[in-house]
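below: sequence and its predicted model.
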Amino acid sequence: PLVGRDSVMTSAAQALDASPGCLVVEGEPKAGLTRIAVEVMKLAELRGARLIWAESGESDPVERLEAGLAASGLPANPNAAAASNSFAAYVGRCGAETQGNLARTLRGTAGLVVCEAETSVAAPSLRVGAIDREAGGRLVDSIDPSMDPALREHVLATGDGLPGCIVSLARAGDTGRLPD
């Protein structure tokens, strides 16, 4: 479940209202960037956007975007695709220069590129940080509602509010193989 992220998702909805062209989900590793990016994509789909998943591969994010657009039957050129269709494309990790170029190119159009980065300086962003202890507890409980209280405490303390860590630790604890 998505826990402790109400304010981030409210910000996501507001960002989508502004047609930013590129929206960067930013934060440290294991903070849940990919999960939030997926939720942003779902929100865009609810608003009528066609989803393009173009995160795989080692190529440049723009190349992945163009290939994803073409594979889905849209024009490979993002501006041409946005002129005829509402789309949201997830391209995975993306650097500042690419963020800025995509934001400038697609701002105000029906196209949206969602990417991840530790920081964003060139495009609108959603900052994703640690979740609070209560939300972390709900996350642990969703994985193993009967977890031993001492183990649960260890998972929460070690996970440090980072959902990716909490989930990994809770799943490992559930199998009895808790990492050091």
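Thanks, I have it.

what is the neighbour count of Glu134?
When neighbours are counted by other C-beta atoms under 10 Å, Glu134 registers 11. C-betas here are computed from N, CA, C, even on glycine.

how much space between it and Arg93?
Separation of Glu134 from Arg93 (C-beta to C-beta, to the nearest Å): 30 Å.

what of Asn85?
25 Å.

nearest residue to the residue nearest the centre of the chain other than its sequence neighbours?
In the chain, the C-alpha nearest the mean C-alpha coordinate belongs to Ala37, at 2.0 Å (C-alpha atoms, centre = their mean). In space, and not counting its chain neighbours, Ala37 is closest to Val25: 4.7 Å by C-beta to C-beta, 6 or more residues apart in numbering.

likewise for Glu45?
The nearest residue in space to Glu45 (C-beta to C-beta, 6+ apart) is Leu51, at 5.4 Å.

isn't there a helix covering the residue nearest to Ala37?
No - under the criterion used here (DSSP: H, G, I helix; E, B strand; the rest coil), Val25 is strand, not part of a helix.

give me the neighbour count for it.
26.

now Gly159
By other C-beta under 10 Å, the residues close to Gly159 number 23.
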